Every structure is written in C-alpha cells, then in structure tokens.
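Student: Build me a structure from this.
(one chain, ligands or ions: 2)
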Amino acid sequence: MQALLVVDIQNDFCPGGALEVPNGDEVIPVANETMKKFPLVVATQDWHPANHGSFAANHPWRRPGDVIRLDGLEQILWPMHCVQGSFGAEFARELDTSRFQEVFVKGTDPQIDSYSGFYDNGHRKSTGLGEYLRERGVEEVFILGLTLDYCVRFSVLDALELGFKTHLIIDGTRGVNLSEGDSDMAVAEMSEKGAIIVTSGEV
Ligand code: VGL
Ligand code: ZN
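Tutor: Ligands and ions are numbered 1, 2, ... in the order given. Modelled structure (predicted):
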C-alpha cells in the first residue's frame, strides 16, 4: 500500500505569507495532480498557539533567524506563522483538500517545535501519523509540500527511520533557504539516508 503525504501547504508558506517560501505556491498544482494517483492521501498542518516558543516575537530582543534553546533543544526563531485559526494557517485556497483522508496537526505544544509530520523535534511525542499509516498497511510513502529544507526534510527522515520506503517528489516541494544551498543540502542528506528522489511525472 502506498500513501501520499502532503506537508504544510498553507497560506503562510506561500508568497505573501508570514514565512513565505519563494514560489511556494507552485507546489499546489503538482499536489493536486499527484493526489489523484494515490488511494490514500494524508496531510500535515503546522498549527501553533500564538504563544509558541518558535516565534521570535515571543522572546524579547530576538529576531527571526536567531537560534535559542527551547526546553533543552536548539530552536531557530521564526516570524509568527500558522497560528491556530488564522488565515495563514489555512491550507492554500487552490489546494484540493477534499482528497485528504486525514490531517495531522503539529507544533501545538508551545514549548517544542515540530518540523516532521511524525514527531516533535525532540522525538518526545508522536503525532499519530506513523501509527495511522501502519494500521492501514502502508509500506511506501511519497512526500511533497513545504518546506523542503525543514518540514519536508524532517518528515522524510522520520519516514525512513520508521522503515517506510520513502520517496521525495522533488518538483512538488520548495525550500526556505535561510542560507544559500540549504535545499540542495537537504536533498543530498535525504538521498544519502535512503530516500528515493522522483518527479511527479514518474509517480
Ligand atoms: C516549517 C518552519 C517553521 C515548515 C514550519 O513547514 O517547513 N518551517 N515551521
Ligand atoms: Zn512552524
């Protein structure tokens, strides 16, 4: 059984959003077409409370891009984004969310961030996604969405660690690239760890 995982295609990661990814909206038509090819489609949604510890605004004198320690873990500070119930947290309007069989929210605990759709950044708690896929007999996952160098990357790495045969759909993702080359490095790392890099046309 194969499943498609659609990661964080939300307004705040699209152009004009609080944590906009260059050309992030270009993944939407790729996601919509690719979803039609899968019997099981699940999505993740970045879903932070307004007091989340990953927001620079919640730390006096800090700016986005600064790195702090948050409950024992290194944390990059971001602009406030994907606040629960806000427009920025909604899925992009053009995204065909009617294909989602289940949505897994993440980043809900103010004290820890969650890039991966499977676990928080400390691997302390599961979102339930891994268990959900296992229960349905999924052995192979295909992953696309935003952002390539954070949430897609960590979701791919966790999927591999959980033993899923894992594919990254490369044209269905875009990176933030806080530092130049982050996306290329992320793809190299995923590939090294066993991810299969494919294009949506090959799926
Ligand atoms: C993401 C940074 C902060 C992502 C989420 O979806 O890649 N990146 N929160
Ligand atoms: Zn976030």
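Student: Phe87 is in contact with Gln10, isn't it?
Tutor: No. Using Cβ atoms under 8 Å, Phe87 is not in contact with Gln10; the gap is 9.6 Å. C-beta coordinates here come from the backbone N, C-alpha and C atoms, glycine included.
Student: quick one, which of these two is more surrounded?
Tutor: Gln10 (28 against 12; other Cβ atoms under 10 Å).
Student: what sits against that one?
Tutor: Listed by Cβ atoms under 8 Å, 6 or more residues apart in numbering, the contact partners of Gln10 are Gly17, Gln45, Asp46, Cys82, Gly88, Ala89, Glu90, Phe91, Ala92, Leu146.
Student: residues in contact with the third one?
Tutor: In other words, Asp46. Asp8, Gln10, Asp12, Phe13, His81, Cys82, Ala89, Val105, Lys106, Gly107, Cys151.
Student: what's the answer for the fourth one, then?
Tutor: Shown in contact with Cys82 (Cβ under 8 Å, 6+ apart): 8, 10, 12-13, 18-19, 45-48, 88-89, 107.
Student: let's see it at 6 Å
Tutor: Gln10, Asp12, Asp46, His48, Gly88, Ala89 (Cβ atoms under 6 Å, 6 or more residues apart in numbering).
Student: and which of the residues you listed is nearest Thr97?
Tutor: Taking Cβ to Cβ as the measure, Gln10 is the one of the contacts of Cys82 closest to Thr97, at 10.8 Å.
Student: bridging residues for that closest one?
Tutor: Gln10 forms beta bridges with Phe91, as assigned by DSSP bridges.
Student: Could you report the distance from it to Gln2?
Tutor: Applying Cβ to Cβ, to the nearest Å, the value for Gln10 to Gln2 is 24 Å.
Student: and stretch 171-185, anywhere near ligand 1?
Tutor: No. Applying Cβ under 6 Å from any ligand atom, one finds stretch 171-185 separated from ligand 1 by no less than 6.6 Å.
Student: on that earlier part again, can you narrow the contacts of Gln10 to ones near ligand 1?
Tutor: The residues of the contacts of Gln10 that also fall near ligand 1, by Cβ under 6 Å from any ligand atom, are Asp46, Leu146.
Student: got the contact list for the longest helix seen in the chain?
Tutor: Ranked by residue count under DSSP state H, the longest helix found in the chain is helix 182-192. Helix 182-192 is contacted from outside by Leu148, Asp149, Arg153, Val156, Leu168, Gly175, Asn177, Ile197, using Cβ under 6 Å, 6+ apart.
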